[in-house]
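model this:
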Amino acid sequence: MKGPTTNQASDKNSNLDSQSITDRTLRGFFWTSTGTGIQVLLQVAVLAVLARLLTPSDFGLVAAASVVVSFSEIFSWFGMAPVVVQRPTLEARHVRTGFTLSLLFGVLLAGLIWLLAPAIASSFRMNELTPVLRVMVLVFPFHGASTISGCLLLRELRFRCLVKISVVSYALGYGVVGVSLAFMNFGVWALVGGSLARSVLGCIILLLVQPHQKKPQIDRDALKELMYFGGGFTIYRIFNYFALEGDNLVVGRWLGTGALGLYGRAYQLMAMPATLFGRVVDGVLFPVIAKMQNETERLATAYRRGVALTALLVLPASAIIFVLSPEIIQVLLGSKWSGVLIPFQVLTLGMYFRAGYKVGGVLALAKGAVYGSAWRQAVYAILVVVGAWVGQRFGITSVAIGVVLALVVFFLLLAQLSISLIQISWKEFITAHVPGVTLAAVVWAVSWGMANLMREIDLPAIAIILTTMIAVLFCVILLVYFIPMLSIGKDGMWWLQTLSKYIPSSVNFVKQIKIRGNWTAL
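Below you'll find the model as predicted:
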């Protein structure tokens with residue numbers, strides 16, 4: 001069966017006009033953010049259940065196995081996936097070559113890690129890691145088989161379809177299989193079973209929804225064309241792995257599974273909002289920017305607006321999460337996880353930088369600057385590992401401090417790369433953050449005052465969270481309504497104006513803001 005990847009289809013997609021790109025991008029944002037939001041809520045619900053049924057050591061053991069699996073996945077498709085999205089012209093020979101290599105590397109890596117599992121477990125000083133690792137590597141062949149299908153959907157901007165597949169596979173994998181195994185007292189195997197079930201289900205659905213030519217083929221010319229970008233992206237992913245997992249490696253190796261379980265949950269809670277935004281950015285902006293990668297002026301405007309939106313969403317979120325962190329941990333994890341609190345609060349300070357570097361990273365990759373991104377990832381990885389290694393001598397809170405400092409440096413390095421690619425000034429970059437910083441300051445002040453008032457009354461944790469969030473939401477609405485230019489800025493008003501076309505219920509509210517904000521200037 002011939003896949004939908006002919007030259008004609010590629011050229012048609014590349015000639016989308018500005019309005020079509022904006023429309024499909026916003027629809028992509030809507031579906032991807034909605035789906036990712038649902039998945040994050042599922043993750044929170046599953047985590048709340050599993051945290052009460054399993055021990056920190058169970059989570060730490062799977063976290064150690066995930067470190068190995070995440071690193072090995074880098075090579076399971078050797079960068080073939082993103083180049084399928086990024087290439088201006090894609091032919092059947094590229095698809096078949098990419099699929100063949102992805103599947104081949106997936107099978108070979110599963111076998112290799114299965115054989116090396118005892119040695120890896122010994123290096124972690126966790127003998128019980130061997131059987132866990134040998135089961136978890138079974139995800140590689142399934143990922144390899146379905147990677148190209150997922151990227152073809154992404155290339156065609158079929159965000160709604162991808163969202164449904166992701167939500168369904170997670171809900172059935174972790175929500176049904178994982179939780180069921182936990183209730184049946186399978187311990188750590190509940191987490192392993194949930195992970196494997198999610199991968200198998202996702203693979204099956206992707207292959208059914210997006211068929212393509214699967215006859216094995218390695219075309220020499222296609223391989224060369226794929227390998228330049230794919231090789232650079234693989235180097236990028238290697239350093240990105242050490243940046244994201246280096247702290248876990250250090251904590252697990254020197255502080256043990258219990259500390260890794262605590263630190264891992266602190267990082268997971270911090271990363272959830274950033275992951276929500278990051279998945280939307282990666283999933284939507286990468287294919288969209290790739291289609292207009294040679295239009296510098298449009299890219300500059302899109303980048304500035306992306307930076308402004310990130311600041312407006314993530315900075316206020318990090319402020320309220322920092323204030324409500326004691327109640328959030330009590331509600332989600334329970335009393336036995338009190339050791340998570342301080343590391344979690346430290347990590348929330350890096351939440352914006354964790355989400356913010358995604359915009360610059362996506363721009364650089366879509367423009368083909370994979371090697372410029374790769375050496376910056378190398379610096380980031382080194383800083384994370386060194387910071388975590390120094391910090392582990394004083395406990396997991398110091399590890400968190402080291403990771404946040406590394407995030408700040410990497411954020412600035414990618415910002416510099418992005419600015420050089422699209423030729424905007426640092427002044428424009430910094431100015432785009434001003435409304436987000438202003439809004440975050442207001443959110444912090446309101447949430448701090450309301451949360452402390454509710455604590456004095458001795459309300460339950462869930463009541464403190466809800467009342468504080470309602471008060472913050474009310475204040476934000478008032479600010480946006482009466483002083484939109486000050487509270488969300490020119491770029492925030494553009495987002496609101498544009499989104500209002502797709503959200504009928506907001507029209508009256510938005511019209512009033514338009515009058516006060518003078519959108520004629522936009």
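
Sketch out the low-pLDDT regions of the stretch 51-200 of the chain for me.
In the predicted model of the stretch 51-200 of the chain, residues 75-81 satisfy pLDDT under 70.

Spit out the contact partners of the residue nearest to Ile38 when sequence neighbours are not counted.
Closest residue to Ile38 apart from its sequence neighbours, by Cβ to Cβ, 6 or more residues apart in numbering: Val167 at 5.4 Å. All C-beta atoms are positioned from the backbone trio N, CA, C, and that covers glycine. With Cβ atoms under 8 Å, 6 or more residues apart in numbering as the criterion, the residues that contact Val167 are Gly35, Ile38, Gln39, Leu42.

same thing with Glu456?
Residues near Glu456 by Cβ under 8 Å, 6+ apart: none.

now Lys164
Applying Cβ under 8 Å, 6+ apart, we find Lys164 in contact with Gly35.

do the one 4 residues further on as well
Contacts here follow Cβ under 8 Å, 6+ apart; on that basis Val168 touches Leu201, Ile205.

Regarding it, which helix or strand does it belong to?
Using DSSP states H and E, Val168 sits in helix 159-170.

what do you get for Ala364?
Using DSSP H and E, Ala364 falls in helix 351-366.

Count the neighbours of the closest residue to Leu341 other than its chain neighbours for me.
Distance criterion Cβ to Cβ, 6+ apart; nearest residue to Leu341, sequence neighbours excluded, is Ile329 at 5.7 Å. If you count neighbours by other Cβ atoms under 10 Å, Ile329 ends up with 22.

okay but Ile329 is in contact with Leu269, surely?
Yes: Ile329 is within contact range of Leu269, at 7.4 Å (criterion: Cβ atoms under 8 Å).

what residue ranges in this structure are flagged as low confidence?
In the chain (pLDDT under 70), the answer is 1-22, 26, 75-81, 275-286, 288, 290-291, 293, 500-522.

Where is the longest helix in it?
When the chain is parsed with DSSP state H, its longest helix is helix 220-280.

Which residue of this structure lies farthest from its centroid?
Ile457 (37.5 Å; Cα atoms, centre = their mean).

how close does that residue get to Glu128?
Separation of Ile457 from Glu128 (Cβ to Cβ, to the nearest Å): 46 Å.

next one: Leu226
With distances defined as Cβ to Cβ, the gap from Leu226 to Glu128 amounts to 40 Å.

Just want to know which of those two has more residues nearby.
Of the pair Leu226 and Glu128, Leu226 is the one with more neighbours under other Cβ under 10 Å, namely 22 against 14.

what's the distance between the closest residue to that one other than its chain neighbours and Gly232?
Excluding the flanking residues, the one nearest Leu226 by Cβ to Cβ, 6+ apart is Val83, at 5.2 Å. Here the distance between Val83 and Gly232 works out to 10 Å (Cβ to Cβ).

Likewise for Val200?
Distance of Val200 to Gly232, computed by Cβ to Cβ: 31 Å.

For Ala119, the count of nearby residues, please.
Applying other Cβ under 10 Å, I find that Ala119 has 9 neighbouring residues.

Now it: which helix or strand?
Judged by DSSP H and E, Ala119 forms part of helix 92-124.

got it, and Val84?
Going by DSSP H and E, Val84 is in helix 80-86.

helices or strands up against that helix?
Where contact means 3 or more Cβ pairs under 8 Å, 6 or more residues apart in numbering; DSSP states H and E, helix 80-86 is packed against helix 92-124, helix 139-155, helix 220-280, helix 286-291, helix 351-366.

Apply 10 Å and report the result again.
Packed against helix 80-86 by the contact rule (3 or more Cβ pairs under 10 Å, 6 or more residues apart in numbering; DSSP states H and E) you find helix 92-124, helix 139-155, helix 220-280, helix 286-291, helix 351-366, helix 370-391.

With respect to burial, which of the ones you listed scores highest?
Across these, averaging neighbours per residue (mean count of other Cβ atoms under 10 Å) puts helix 351-366 on top, at a mean of 26.

From Thr34, how far out is the residue nearest to Ile38?
Distance of Val167 to Thr34, given as Cβ to Cβ: 9 Å.

Same check on Thr257?
Using Cβ to Cβ, Thr257 is found at 36 Å from Thr34.

Now the closest residue in space to Val179 that isn't next to it in sequence: which helix or strand?
Of all residues not flanking Val179 in the chain, Val49 sits nearest, at 5.6 Å (Cβ to Cβ, 6+ apart). Element membership of Val49, judged by DSSP H and E, is helix 18-53.

Test my guess that Ile465 contacts Arg455.
No: the criterion here is Cβ atoms under 10 Å, and Ile465 misses it with Arg455 at 11.5 Å.

Next, show the common contact partners of these two.
Residues within reach of Ile465 and of Arg455 at once, by Cβ atoms under 10 Å, 6 or more residues apart in numbering, are Glu327.

Give me the more crowded residue out of those two.
Ile465 (19 against 13).

what's the spacing between that one and Val323?
10 Å.

Spit out the residues that contact those two alike.
Counting by Cβ under 10 Å, 6+ apart, the shared contacts of Ile465 and Val323 are Ala451.

Select, out of the helices and strands packed on helix 80-86, the one closest to Asn185.
Closest of the helices and strands packed on helix 80-86 to Asn185 is helix 220-280, at 18.4 Å (criterion: Cβ to Cβ).

Tell me what angle that closest one forms with helix 92-124.
With axes from the mean of the first three to the mean of the last three Cα atoms, to 10 degrees defining the directions, helix 220-280 sits at 60 degrees from helix 92-124.

what's the distance between Gln86 and Val370?
In terms of Cβ to Cβ, Gln86 sits 9 Å off from Val370.

my bad, Leu152
Noted for Leu152: a distance of 21 Å to Val370, by Cβ to Cβ.

what do you get for Val385?
Separation of Val385 from Val370 (Cβ to Cβ): 22 Å.

Please apply the same query to Thr32.
Per Cβ to Cβ, Thr32 is found 23 Å from Val370.

and what of His143?
From His143 to Val370 the distance is 21 Å (Cβ to Cβ).

now do Ile401
Note on Ile401: its distance to Val370, by Cβ to Cβ, is 31 Å.

I'd guessed Val437 sits against Val314; true?
No: taking Cβ under 10 Å as the definition, Val437 is not a contact partner of Val314, at 11.3 Å.

Overlap of the contact sets of these two?
Overlap of the contact sets of Val437 and Val314 (by Cβ under 10 Å, 6+ apart) consists of Tyr352.

More neighbours: which of those two?
With neighbours defined as other Cβ under 10 Å, Val437 and Val314 compare such that Val314 has more, 23 against 14.

thought that one was touching Leu349?
No: contact criterion Cβ under 10 Å: Val314 and Leu349 do not qualify, at 11.9 Å.
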